[in-house]
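S.K.: predicted model and sequence below, questions to follow.
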Amino acid sequence: MAILTISQLNRYVAFRLKEDKAVQSILVRGEISNFTCHTRTGHCYFTLKDSECSVKAVMFRSYADRIKFRPKDGMHIIAAASASLYERDGSFQLYVTDMQEDGIGQQQLALEKLKMKLSEMGVFDPAAKRTLPPYPGKVGVVTSGTGAALQDIINVISRRYPLCELHIFPSQVQGQAAPESIARAIANAERYGCDVLIVGRGGGSSEDLSAFNTERVVMAVYNCTVPVISAVGHETDVSLTDGAADLRAPTPSAAAELAVPSIYELEQRLNTETRNLMKSFADDIMQREMRLNKLSERLFALSPDQRYILAERELSTLSDKLHVLIRSKVQQAENLFQRELVRLDALSPLKVLQRGYALVYKDNKILRNAEDASAGEELDVMLDNGQLRVQVLSRKDDINDI
């Protein structure tokens, strides 16, 4: 015989309980005691007992938020639960998914059994829900052809989104023939190619809404390939069809608002997007223009014409500098010439003539020595204000002889 640890034993018992279908989907009648709701987590812990025995129970917040009454000690209830073993403490307990006050009758019990069956099939699984199309072209409505709910839906959709086609698929919504009529209308809407489907009716008693708690209608909604919005009764009425649909609306009018967008809001968004797009285009064009201008400036700076203009400007500048330099050189030469002219004038023989001296020429050459002239020769004498033609009478070689 094998020796087991406590952990192995508890894990084995918990596994066997989980595999036992007889205790996984059960309805249990009992009295609540030691009821506690955890403030932070919202989970509820309590004990269910009868006259002889008791069992611990837990109801997690996701399920506790759905119940319509406030549980308290001493209250007799019927709980939908599964049995298991909490391995850490080795305590047998119930995991409650729903509860109703005792005395609800056989009809409610049957509804709870159907709800548990559908839940096990995954009909209410949130992961299976589909998103609605944002801009439906065809909206189908499955409801009574004479009810006020239909008029509410028509009014809302025609005002809110007149661009779509609204198709009515009339059906009975109460009575024995209602489930089959609703299922048939859903199938017709699916074949017609609707983009979204509203299924529902106005408010009424639980008997009036019973068709939407039948397996026939719930499965028709669940298996429909078109996204379905359920709008059964008023906000406080919750049916199994609500859980099977892709989206639940509290009223038929609310379903119409959920099915289609607001054309006014679309126009506002379109105007906003248009303004943003125009601003984006303007900013982009401005940036491109600035870039084009910079490229044009670079291209112009590198173009042959611009280089010719720059070279011409440079040539003109150099030419001006050359002219200035030439004028400066000429001026310097003129100034030097004038200085030399003054000096030359100061050394000119003519200046000597102005002081009373004379120049004597013989044969057009200056006569420097008296011995170069002979008596009887004619000489030319240049004075300050004229010339004389003279003849030598005699020659005196010594200046003292004069």
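M.R.: Arrived safely, thanks for sending.
S.K.: okay, and the nearest residue to Gln93 once chain neighbours are set aside sits in which element?
M.R.: Spatial nearest neighbour of Gln93, chain neighbours left out: Lys56 (4.1 Å); criterion: Cβ to Cβ, 6 or more residues apart in numbering. Heads up, the C-betas are built off the backbone N, CA and C, glycines and all. Assigned by DSSP states H and E, Lys56 belongs to strand 54-59.
S.K.: what residues of that strand count as buried?
M.R.: 55, 57-59 (16 or more other Cβ atoms under 10 Å).
S.K.: and stretch 110-126, by the same measure?
M.R.: Here stretch 110-126 shows 111-112, 115-116, 118-119, 123-124 as buried, counting by 16+ other Cβ under 10 Å.
S.K.: work out the gap between that stretch and the centre of the chain.
M.R.: Distance of stretch 110-126 from the chain centroid (Cα atoms, centre = their mean, to the nearest Å) equals 42 Å.
S.K.: just the C-alphas of it, formatted as PDB.
M.R.: Provided in PDB are the C-alpha atoms of stretch 110-126 (Å, rounded to 0.1, in the frame of the first residue of the first chain):
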ATOM      1  CA  ALA A 110     -36.200  24.800 -15.100                       C
ATOM      2  CA  LEU A 111     -34.800  28.200 -16.200                       C
ATOM      3  CA  GLU A 112     -31.800  27.800 -13.900                       C
ATOM      4  CA  LYS A 113     -31.100  24.300 -15.300                       C
ATOM      5  CA  LEU A 114     -31.300  25.600 -18.800                       C
ATOM      6  CA  LYS A 115     -29.000  28.500 -17.900                       C
ATOM      7  CA  MET A 116     -26.400  26.100 -16.500                       C
ATOM      8  CA  LYS A 117     -26.700  23.900 -19.500                       C
ATOM      9  CA  LEU A 118     -26.100  26.800 -21.900                       C
ATOM     10  CA  SER A 119     -23.300  28.100 -19.800                       C
ATOM     11  CA  GLU A 120     -21.500  24.800 -20.000                       C
ATOM     12  CA  MET A 121     -21.900  24.900 -23.800                       C
ATOM     13  CA  GLY A 122     -20.100  28.300 -23.800                       C
ATOM     14  CA  VAL A 123     -23.200  30.200 -25.000                       C
ATOM     15  CA  PHE A 124     -22.500  33.000 -22.500                       C
ATOM     16  CA  ASP A 125     -18.700  33.100 -22.900                       C
ATOM     17  CA  PRO A 126     -17.500  36.700 -23.300                       C
END
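S.K.: who touches it?
M.R.: Here stretch 110-126 makes contact (Cβ atoms under 8 Å, 6 or more residues apart in numbering) with 25, 27, 78, 80, 97-98, 100, 128, 213, 215, 218-219, 222, 240, 243-244.
S.K.: 10 Å - rerun?
M.R.: Here stretch 110-126 makes contact (Cβ atoms under 10 Å, 6 or more residues apart in numbering) with 21, 24-27, 78-82, 97-100, 104-105, 128, 206, 210, 213-215, 218-219, 221-223, 239-240, 242-245.
S.K.: state the pLDDT value of Gln108.
M.R.: With respect to pLDDT, Gln108 scores 69.
S.K.: coming back round to it: now the buried residues of strand 54-59 in JSON lines, with pLDDT?
M.R.: Listed next are those as JSON lines, based on pLDDT from 0 to 100:
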{"residue": "Val55", "pLDDT": "93"}
{"residue": "Ala57", "pLDDT": "95"}
{"residue": "Val58", "pLDDT": "94"}
{"residue": "Met59", "pLDDT": "95"}
